[in-house]
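Novice: Okay, structure incoming, though there's no sequence with it:
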Ligand code: NAD
């Protein structure tokens, strides 16, 4: 049985920031750069609502366990809540709220007509059989049915969930509603309304952000070296595209460690985490490094694409890359961010770099609502256009207000949200 949220909360860690603490600090910092009503900022520090549900699960042996599920809905002034559902033992209300806030900023910086949501179940997904995962997911969909829907709140896959989870979720919701409603979730398999290119999208947008950053600072991809921590969905797709576009990827890692070849690795031959879990160290390479060492390599572009809080006050002084492109969510702590900025390391923030995932989720939702499938070429063309638009908006703020890329991205997002709130007004 899952532990109640009050017992699950980790001891506060002075170095590693929780998603909620980081999200609130970044909001306050962005607010200092623009003229926004204080009431709007105060409102954005809190979610509209957090739904907490109990999810009973009949185990394969006939016994019953009860798990706690959440759906945090941060803000919907620009459109339905949008964000993932994760199955992970550390899921709790505060984490969902923090991550839902990040989704609000991410959707706004990409100018998508969505607000931020995030949810999940506090459970270890590896402890479940496929049949148990299906029963758990269907029951979770039933428990959340009153707060989600294609025009209210649209979940997606996240840690511990995947396209199959979304297929079960969509099926359960559709059965309850009496009609097939593919637009209730995104990240589904293409055969039931999923979009081509969705899986690759966060890696593709990360690669586009890296390409644009190199170009902006006067570099050429042909002369650019790249290190990628986390050769999973995001990291492998980013590395493969950057290699295809001419860059030299010299190091990649998975949870077990890194491989390094100063002359460049053959990225296409390395299986991703999904294709063959944790195969990086089995590849031929002149050197093996730790996951700490890969972050400190003297490369042009570093892409942390594994987990959060890997660049901290402890190692920020030793980051030797000129440009950091955040493929993962929250890889840089607030304290490390300040150090990197002082040292002149350019950090392209997660809410811009890996936003390809939610952007193609938006394309999927459009395809579902309109009952018209897009080709992979259409998806990638539209993603490229959306990324370049967002890049230009953020670049304009970087130059006009002399901001870091992170602050500029938050300024773009917050301005759009604040303006929407002002136009709509507060219901008296
Ligand atoms: P994934 O599970 O496909 O890959 C994660 C990779 O990181 C694997 O190679 C794994 O071995 C490695 N790894 C795990 N723990 C590690 C550790 N402690 N140190 C070093 N390496 C470690 O995951 P993913 O979908 O690529 O997601 C990676 C990051 O990107 C996460 O922060 C996720 O929130 C973020 N993200 C993912 C998506 C998406 O749609 N997949 C979208 C936006 C952001």
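Specialist: Happy to help now that I have it. Bear in mind the structure is a predicted one, so any value in this text is a computation, not a measurement.

Novice: what about residue 416, how many neighbours?
Specialist: Residues lying near residue 416 (other CB atoms under 10 Å) number 18. Using the backbone N, CA and C atoms, a C-beta is placed for each residue, glycine as well.

Novice: for it, what are its contacts?
Specialist: 78, 108-109, 111 (CB atoms under 8 Å, 6 or more residues apart in numbering).

Novice: in the helix or strand hosting it, what's buried?
Specialist: Using DSSP states H and E, residue 416 maps to helix 405-424. By 16 or more other CB atoms under 10 Å, the buried positions in helix 405-424 come out as 405-418, 420-421.

Novice: picking up where we left off before, identify, from the contacts of residue 416, the entry nearest to the ligand.
Specialist: Taking CB to the nearest ligand atom as the measure, residue 109 is the one of the contacts of residue 416 closest to the ligand, at 13.4 Å.

Novice: hang on, the closest one packs against residue 355?
Specialist: Yes. Between residue 109 and residue 355 a contact is recorded at 6.8 Å, counting by CB atoms under 8 Å.

Novice: Who has more neighbours out of those two?
Specialist: Taking neighbours as other CB under 10 Å, residue 109 and residue 355 compare with residue 355 leading, 29 against 23.

Novice: Give me the nearest residue to whichever residue of the stretch 151-300 of the chain sits closest to the ligand, chain neighbours excluded.
Specialist: Closest to the ligand within the stretch 151-300 of the chain is residue 232: 1.6 Å, counting by CB to the nearest ligand atom. Once flanking residues are discounted, residue 232 sits nearest to residue 273: 3.9 Å by CB to CB, 6 or more residues apart in numbering.

Novice: the strands in the stretch 251-400 of the chain, which residues?
Specialist: 257-260, 287-289, 301-304, 323-325, 346-348 (DSSP state E, counting those that start in this stretch).

Novice: Any idea how far the second one is from the middle of the chain?
Specialist: Which is strand 287-289. 28 Å (CA atoms, centre = their mean, to the nearest Å).

Novice: List the buried residues in it.
Specialist: By neighbour count on 16+ other CB under 10 Å, the buried set for strand 287-289 is residue 289.

Novice: Pairing partners for it, with directions?
Specialist: Paired strands of strand 287-289, with direction, are strand 257-260 (antiparallel) (DSSP bridges).

Novice: tell me which residues in the partner strand are buried?
Specialist: Residues of strand 257-260 classed as buried: 257-260 (neighbour count, 16+ other CB under 10 Å).

Novice: Go back to those residues and keep what's next to the ligand.
Specialist: Contacts with the ligand are made by none of the buried residues of strand 257-260, judged by CB under 6 Å from any ligand atom.

Novice: Distance to residue 139 and pLDDT for those residues - can I get that in a markdown table?
Specialist: Output for these, formatted as a markdown table (distance: CB to CB, whole Å; pLDDT from 0 to 100):
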| residue | distance to residue 139 | pLDDT |
| --- | --- | --- |
| 257 | 39 | 97 |
| 258 | 40 | 98 |
| 259 | 42 | 98 |
| 260 | 46 | 98 |
